[in-house]
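S.K.: quick one, structure for this:
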Amino acid sequence: MNKNAKNIIIASVAAVVVGILIGCAIWNTGKENLIPLPKPTLSEGQRGELGIDKNVNEATIDKYLNRSDSVYYDMRMLEDPAEYENIGGDKYLSGIIKGFEVVSFPYITNVTNLPAEVGSTYTGTTLFTQRDDGNYIANYRESMQIITDLFPKDKNIFLMCGGGGYAGMMKKMLAKLGWNEEKIYVVGGYWYYEGKNIIEIKETLKDGTTYYAFWKIPYHEIDFSKLTKI
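M.R.: I've put the predicted structure just below:
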């Protein structure tokens with residue numbers, strides 16, 4: 001083999017190696033540097049009774065935002081009939097954490113065991129009805145498909161609401177219907193969040209008038225009129 005042929009072979013091999021290295025670098029750059037998620041662990045006391053996680057909660061959620069392996073849902077209504085002001089909250093969805101989307105839990109199933117001080121929440125049409133034995137009955141043919149689409153079983157699911165109640169109820173429901181509890185985190189309540197990823201929904205004009213900019217919210221509406229009742 002002459003010298004020119006050897007040089008051509010060496011150059012070709014070098015080009016292939018460089019190409020592989022560049023490809024690996026691009027691939028690694030596109031990968032997420034995900035913080036390992038701790039195993040879901042209940043908090044102590046009343047927060048634990050609500051299902052709020054000990055490690056992934058209002059104080060730490062900023063570390064776990066924007067993951068492609070996860071979905072994020074705030075379970076509040078835009079305006080809740082319950083008087084949450086009586087326990088230091090807000091019946092309106094006055095703000096949300098960036099990256100969270102809204103699915104209103106009271107439209108998914110009937111709500112029980114709210115604090116007496118807040119009265120009753122929404123009592124209208126729901127996708128499911130929770131029976132006295134703790135099981136859930138679908139009210140529409142599409143009910144199960146809707147929550148399966150909203151809460152993918154192959155992803156981590158982060159849930160929150162105002163104080164933690166609706167989020168905890170949603171986790172219990174999903175677990176009852178066959179979801180893996182080890183992939184569901186009840187983050188807690190927006191009312192106690194002090195992080196840097198707030199989207200303010202409650203706004204005040206110069207004349208002092210208050211309004212709620214609900215158009216800022218990525219909201220999943222459930223249109224019961226388009227569903228097939230069982």
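S.K.: low pLDDT regions in this structure?
M.R.: Applying pLDDT under 70 to the chain flags the ranges 1-32.
S.K.: for residue 123, which non-adjacent residue is closest in space?
M.R.: Distance criterion CB to CB, 6 or more residues apart in numbering; nearest residue to residue 123, sequence neighbours excluded, is residue 110 at 7.3 Å. (Glycine included, C-beta is placed from N, CA and C.)
S.K.: for the one you found, which three-state class applies?
M.R.: Under the three-state scheme (DSSP: H, G, I helix; E, B strand; the rest coil), residue 110 adopts coil.
S.K.: measure it to residue 118 for me?
M.R.: Residue 110 sits 16 Å away from residue 118, going by CB to CB, to the nearest Å.
S.K.: more crowded one of these two?
M.R.: A count of neighbours by other CB atoms under 10 Å puts residue 118 above the other of residue 110 and residue 118, at 19 against 15.
S.K.: find the nearest non-adjacent residue to the more buried one, please.
M.R.: Take residue 118 and drop its neighbours on the chain: the residue closest to it by CB to CB, 6+ apart is residue 82, 4.3 Å away.
S.K.: OK, contacts around the residue nearest to residue 123?
M.R.: Residue 110 makes contacts with 123, 126, 129-130, as judged by CB atoms under 8 Å, 6 or more residues apart in numbering.
S.K.: wait, residue 139 sits on residue 230?
M.R.: Yes: Residue 139 lies in contact with residue 230 (CB atoms under 8 Å); the separation is 6.1 Å.
S.K.: gap between residue 92 and residue 201?
M.R.: From residue 92 to residue 201 the distance is 8 Å (CB to CB).
S.K.: shared neighbours, the two?
M.R.: What both residue 92 and residue 201 touch, as defined by CB under 8 Å, 6+ apart, is the set residue 212.
S.K.: re the thing from before, quick one: the residue nearest to residue 123 from residue 121, how far?
M.R.: Taking CB to CB as the measure, residue 110 falls 9 Å from residue 121.
S.K.: next one: residue 97
M.R.: For residue 97, the distance to residue 121 - CB to CB - is 22 Å.
S.K.: got it, and residue 113?
M.R.: 11 Å.
S.K.: cool, and residue 190?
M.R.: 16 Å.
S.K.: burial of residue 198, as a residue count?
M.R.: 13.
S.K.: hmm, residue 94 and it touching each other?
M.R.: No: with contact defined as CB under 8 Å, residue 198 does not count as touching residue 94 (10.1 Å).
S.K.: my guess is residue 107 is in a strand, correct?
M.R.: No: going by three-state DSSP, the assignment for residue 107 is helix, not a strand.
S.K.: and the residue nearest to it when sequence neighbours are not counted, helix, strand or coil?
M.R.: In space, and not counting its chain neighbours, residue 107 is closest to residue 222: 4.9 Å by CB to CB, 6+ apart. With three-state DSSP as the basis, residue 222 sits in coil.
S.K.: relative to residue 195, how far out is residue 222?
M.R.: 29 Å.
S.K.: now residue 121
M.R.: Here the distance between residue 121 and residue 195 works out to 27 Å (CB to CB).
S.K.: same drill for the two, tell me which one is more crowded.
M.R.: Per other CB under 10 Å, whichever of residue 121 and residue 195 has more neighbours is residue 121, with 21 against 14.
S.K.: pop the domain breakdown of the protein in here.
M.R.: 1-31, 45-226 (automatic domain parsing).
S.K.: any idea which of those is most buried?
M.R.: Of all the domains of the chain, domain 45-226 carries the top mean neighbour count, a mean of 17, counting by mean count of other CB atoms under 10 Å.
S.K.: and the end-to-end length of it?
M.R.: 42 Å (CA to CA, to the nearest Å).
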